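Enquirer: Curious how this folds, go ahead:
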Amino acid sequence: MASDAVKASLLRYVERNSGLCGVEWDPTLSEPLPFNPFDPSQPARKRTAHFFLLVASINETDLIGRAENARAILTYFYNIFHEDLFRLVADDAFRHYLPQLPCSHELGPHKTAIPSILASANRFLQHTAHGDLIAYVTGLTRLQDVVDVLTGQIEGMSADKAWMYLRWMSRPTPDLGVFDAFSPADLQVPLTSYIRDVAYCLGLCADPRTQWWTNEEAAHRARVRFTDFAKTLYPEDPCRVDYPLYLLGRWIRGKRLNRALLARYLAFFEAVYQQTGTVPVTYDIVSRDMSSFESQLRAELRKM
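Expert: From the prediction side, this is the model:
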């Protein structure tokens with residue numbers, strides 16, 4: 001379990017970064033979404049719920065490489081099909097256009113599964129949710145019921161991806177706040193790949209290299225344990241830690257994971273904040289070109 005000093009540093013870090021928009025809908029990225037996901041009108045909310053279910057369904061490293069590519073893929077398909085995107089229940093059209101995606105070469109080793117997963121999600125929306133995911137979800141009693149349905153009916157949808165989607169939909173700004181019938185207090189923190197690395201450094205799960213998370217029962221136990229830890233920080237909103245720790249996990253990926261490493265990175269971000277008044281935990285890499293500002297920032301960070 002995390003020491004009091006690490007826990008205090010972690011809390012300061014989360015406080016400074018919990019207001020950041022998720023990379024899937026961040027309006028400041030150079031590749032814009034084709035619509036405003038915060039549009040409060042009912043038709044727009046239905047579209048947002050459906051669009052980001054598609055994003056969540058493929059948001060997995062082996063499929064897309066990195067999270068920005070899930071956004072890029074669905075934006076690409078939306079610009080081709082427009083609202084017809086949500087009515088494609090066979091994978092032919094997706095399979096035809098996917099190789100022409102500008103970032104196709106950056107996708108994961110299992111990218112050929114993306115078309116069938118998207119078609120599966122659309123079939124669920126049409127046949128089970130009858131085209132209105134908000135109404136369907138609101139009719140369920142618990143968030144766990146929603147997770148059970150999504151994992152049972154959408155190809156490749158793990159419980160962690162389902163909880164990630166519910167975090168996006170159930171929390172207010174900076175998340176999307178579409179499923180406002182549920183309380184954020186009832187969310188579980190999804191143990192996606194970068195969060196698992198942080199959880200391991202905190203002593204809250206086994207070494208991710210053992211791939212224990214492929215066992216559903218082991219993944220559930222670890223997710224509950226990490227959520228219980230998050231509730232010691234934010235009892236009414238444990239998923240407040242999720243996106244900041246996801247960003248932290250991106251920084252420590254590929255290094256020798258342990259509590260000392262985590263403590264050093266938290267101390268580094270603290271020092272950066274004291275000198276600059278900000279914590280540069282994320283970058284605009286969707287454009288795949290580095291701006292002069294980013295070049296200068298990288299040089300400054302290397303010095304520090």
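Enquirer: For stretch 223-235, which outside residues touch it?
Expert: Under the contact criterion Cβ atoms under 8 Å, 6 or more residues apart in numbering, stretch 223-235 has outside partners 1-2, 7, 10-11, 14, 159-160, 163, 185, 187-191, 195, 199, 202, 204-205, 238-242. C-betas here are computed from N, CA, C, even on glycine.
Enquirer: If we use 7 Å, what do you get?
Expert: With contacts defined as Cβ atoms under 7 Å, 6 or more residues apart in numbering, stretch 223-235 is touched by 11, 14, 160, 188-189, 191, 199, 204-205, 238, 240-241.
Enquirer: and if you look at stretch 21-39?
Expert: Residues contacting stretch 21-39 (Cβ under 7 Å, 6+ apart): 47-48, 52, 55, 67-68, 70-72, 75, 78-79, 168, 174-176, 243, 282, 284, 286-287.
Enquirer: Buried ones from the residues you listed, can you make that a ChimeraX selection?
Expert: A single ChimeraX command selects the buried members of the contacts of stretch 21-39 (16 or more other Cβ atoms under 10 Å):
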select :47,48,52,55,67,68,70,71,72,75,78,168,175,176,243,282,284,286
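Enquirer: Show me the contacts of stretch 21-39 that map onto helices.
Expert: 47-48, 52, 55, 67-68, 70-72, 75, 78-79, 168, 243 (DSSP state H).
Enquirer: Looking at these, spot the one nearest residue 19.
Expert: Set against residue 19, the nearest of the ones in helices among the contacts of stretch 21-39 by Cβ to Cβ is residue 243 (9.6 Å).
Enquirer: which residue sits closest to residue 173, ignoring its sequence neighbours?
Expert: residue 38 (7.4 Å; Cβ to Cβ, 6 or more residues apart in numbering).
Enquirer: Same question for residue 266.
Expert: residue 9 (4.0 Å).
Enquirer: State the distance from that neighbour to residue 251.
Expert: 14 Å (Cβ to Cβ, to the nearest Å).
Enquirer: likewise residue 111?
Expert: 25 Å.
Enquirer: Likewise for residue 268?
Expert: Relative to residue 251, and taking Cβ to Cβ, residue 268 is found at 9 Å.
Enquirer: And these two? Which one has more around it.
Expert: Counting neighbours by other Cβ atoms under 10 Å for residue 268 and for residue 251 shows that residue 251 has the greater number, 18 against 14.
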